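[1] how would this look folded up:
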Amino acid sequence: MSDNKPAIVIDLDGTLIKSDLLIESFLLLIKSNPLYILMVPLWLLKGKAAMKKEIAVRVNVPVDTLPYNEAVLEYIREKRTQGFRTALATASNQKFASDVATHLDLFDDVYASDDHINLSGSKKRAALNEAYGEKQYIYAGNADVDTKVWQDCSAAVVVGGASLAKKAEKLCGLDHHIPKEGGLVKRWVKALRVHQWVKNGLIFVPLFASHQISNAENFLLCALAFLAFSLCASSVYLLNDLLDLNDDRQHKSKRNRPFAAGSLDLLHGLLLAPILLVAAFMIAVGVSQEFFIVLLCYYILTFAYSFFLKRIVLVDVITLAGLYTIRIIAGAAAISVVLSFWLLAFSIFVFLSLALVKRFTEVLDLRGKEGKKALGRGYHAEDIELLSSLGGSSGYISVLVLALYINSEDVKVLYGDPVIMWPICLVMLFWISRVWIMAHRGQMDDDPIVFALKDKASLLCGAIIAGFMIFAV
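    I've put the predicted structure just below:
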């Protein structure tokens with residue numbers, strides 16, 4: 001390599017990768033054992049470098065699945081072909097930096113934090129000046145802290161916005177600018193899974209079932225309950241996505257989720273999750289004490305699901321069915337009505353069937369991959385026939401419960417001519433059978449609820465069912 005060319009030094013977090021290894025390793029740590037969250041502040045008292053080291057010795061970051069910035073990789077490869085020496089310089093722990101460098105095989109030198117020195121800002125500048133000399137290296141960074149390094153650079157590579165690029169250009173000149181991707185609002189809407197809020201429409205089921213839709217006060221209470229559940233659910237979605245980064249990155253569609261793809265800041269997700277949760281419970285207090293308790297139970301169950309229940313075979317799908325049913329219970333708690341046995345039984349069986357569809361779809365991808373499990377789950381490829389059998393049976397049992405309800409004495413309290421509702425059973429049999437046929441053909445969305453909202457046949461079935469129920473009244 002030519003000695004008169006400046007070295008190319010690349011920052012890791014936010015530059016080479018669209019993520020932050022400190023946060024990623026922290027999430028892996030608490031996922032392995034949530035009690036570690038109590039130890040992190042004690043480690044931090046010894047200094048940031050010591051904390052990073054304590055985390056690094058306890059977790060291994062899967063560097064092969066990290067969201068690398070392809071534009072930065074292309075820049076490095078181009079400079080290497082031109083004879084430049086390349087280096088990785090990061091505030092992340094040496095262990096993670098070495099793993100990344102080994103995986104990419106693009107760097108001649110690696111500089112990172114050790115047990116005592118947090119290699120960031122002025123400390124990184126001092127280390128690079130000692131290694132290459134002032135004005136003898138081009139440095140690629142993405143944050144304001146990198147301006148301290150650019151002060152002594154021959155030129156800067158900026159991975160970020162125009163304002164940061166202007167700062168770098170004034171300090172040392174600009175060698176290359178890789179701008180941030182747009183569409184921030186769209187990415188947050190996707191991360192919060194606003195489209196999944198439709199599931200919380202189940203809160204209105206008790207309002208409709210008790211024929212109180214015209215009661216303005218109860219409708220408002222259900223609307224507030226819907227908002228509280230939606231904020232709480234989004235908080236849970238953020239937590240799930242943050243804890244499942246590695247699994248999502250190995251999934252054919254989940255890899256495009258904003259946090260897994262590195263298109264949203266992990267720290268922002270960590271901060272927003274508790275804010276949404278607090279807002280949800282503040283709204284819940286204004287609805288009713290009973291609703292507050294139901295929402296608390298929902299969150300505790302989802303928290304348990306995120307950490308360990310979803311990895312236990314069959315417990316995961318039963319939990320999902322329970323989470324759907326809790327939404328109906330929450331709607332009843334919001335307007336203080338008593339739920340019928342029939343509604344609860346129907347809900348459990350139909351949502352267990354849909355939860356099994358979700359797992360069936362994931363396991364379907366494992367066909368031909370002997371000995372492999374669904375990522376983050378306990379299912380094997382050979383379980384697919386059993387999942388199909390259990391799911392179809394559960395769906396048909398829900399129709400049986402509906403038929404028994406239509407034939408019961410209880411139905412006469414709310415419906416003038418219950419016989420008119422009998423065709424609903426046929427429509428439900430068709431819809432459940434169709435969902436499972438679509439799943440077997442590999443045409444099912446990862447979430448059957450989302451599929452139903454986009455599927456014209458499903459929407460038509462819903463309209464027909466609503467029509468028969470209205471006529472029966």
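
[2] Now tell me which helix or strand of the protein has the poorest mean pLDDT.
    For the chain, using mean pLDDT, DSSP states H and E, the weakest element among its helices and strands is helix 448-454, scoring a mean of 80.

[3] tell me the domain ranges of this protein?
    Using automatic domain parsing, the domain parsing of the chain gives 7-178, 181-339, 342-473.

[4] Work out the gap between the last one and the centre of the chain.
    Domain 342-473 has its C-alpha centroid displaced from the chain centroid by 25 Å (C-alpha atoms, centre = their mean, to the nearest Å).

[5] Check the separation of the first and last residues in it.
    18 Å (C-alpha to C-alpha, to the nearest Å).

[6] With the second one instead?
    Distances were taken as C-alpha to C-alpha; on that basis the terminal residues of domain 181-339 are 49 Å apart.

[7] Could you dump the domains of the chain into a markdown table and include mean neighbour count?
    Placement of C-beta: from N, CA and C, glycine included. As requested, the domains of the chain are arranged in a markdown table below (neighbours: other C-beta atoms under 10 Å):
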| stretch | mean neighbour count |
| --- | --- |
| domain 7-178 | 19 |
| domain 181-339 | 18 |
| domain 342-473 | 17 |
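
[8] Which of those domains comes out lowest on mean pLDDT?
    For these, the weakest mean pLDDT is recorded on domain 342-473, namely a mean of 86.

[9] quick one on the thing from earlier: so what secondary structure elements neighbour the least confident helix or strand of the chain?
    Helices and strands touching helix 448-454, by 3 or more C-beta pairs under 8 Å, 6 or more residues apart in numbering; DSSP states H and E, are helix 341-364, helix 422-440, helix 456-472.

[10] just the CA coordinates of that helix, formatted as CSV?
    Only the C-alpha atoms of helix 448-454 are listed here, as CSV (Å, rounded to 0.1, in the frame of the first residue of the first chain):
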residue,chain,number,x,y,z
PRO,A,448,-54.1,-13.8,10.1
ILE,A,449,-55.9,-10.7,11.4
VAL,A,450,-54.0,-8.5,9.0
PHE,A,451,-54.8,-11.0,6.3
ALA,A,452,-58.5,-10.8,7.1
LEU,A,453,-58.6,-7.0,6.9
LYS,A,454,-57.0,-7.1,3.4
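
[11] what about Arg327, distance to Tyr137?
    Computed with C-beta to C-beta, to the nearest Å, the distance linking Arg327 and Tyr137 is 57 Å.

[12] If you could redo that for Arg80, that was the one I meant.
    Arg80 sits 15 Å away from Tyr137, going by C-beta to C-beta.

[13] swap in Asp241?
    37 Å.

[14] repeat for Ser210
    72 Å.

[15] Could you check how far the nearest residue to Ala168 once chain neighbours are set aside is from Thr15?
    Closest residue in space to Ala168, ignoring its immediate chain neighbours: Ala156 at 3.8 Å, by C-beta to C-beta, 6 or more residues apart in numbering. Distance, Ala156 to Thr15, by C-beta to C-beta: 11 Å.

[16] And Tyr75, by the same measure?
    10 Å.

[17] One more: Leu267?
    From Leu267 to Thr15 the distance is 16 Å (C-beta to C-beta).

[18] what's the answer for Gly286, then?
    On the measure of C-beta to C-beta, Gly286 and Thr15 end up 45 Å apart.

[19] cool, and Leu245?
    From Leu245 to Thr15 the distance is 18 Å (C-beta to C-beta).

[20] for His440, same thing?
    45 Å.

[21] do Met39 as well
    29 Å.

[22] got it, and Ala321?
    Ala321 is 44 Å from Thr15, by C-beta to C-beta.

[23] How about Gly378?
    37 Å.

[24] between whichever strand or helix holds Gly322 and helix 341-364, how big is the angle?
    According to DSSP states H and E, Gly322 maps onto helix 315-335. Orientation check (axes from the mean of the first three to the mean of the last three C-alpha atoms, to 10 degrees): helix 315-335 against helix 341-364 gives 140 degrees.

[25] Run the chain-centre distance for helix 315-335.
    20 Å.

[26] other SSEs contacting it?
    helix 205-209, helix 216-243, helix 289-307, helix 341-364.

[27] Show me what the longest one is packed against.
    Under the contact definition 3+ C-beta pairs under 8 Å, 6+ apart, helix 216-243 sits against helix 21-32, helix 184-191, helix 205-209, helix 258-261, helix 266-287, helix 289-307, helix 315-335.
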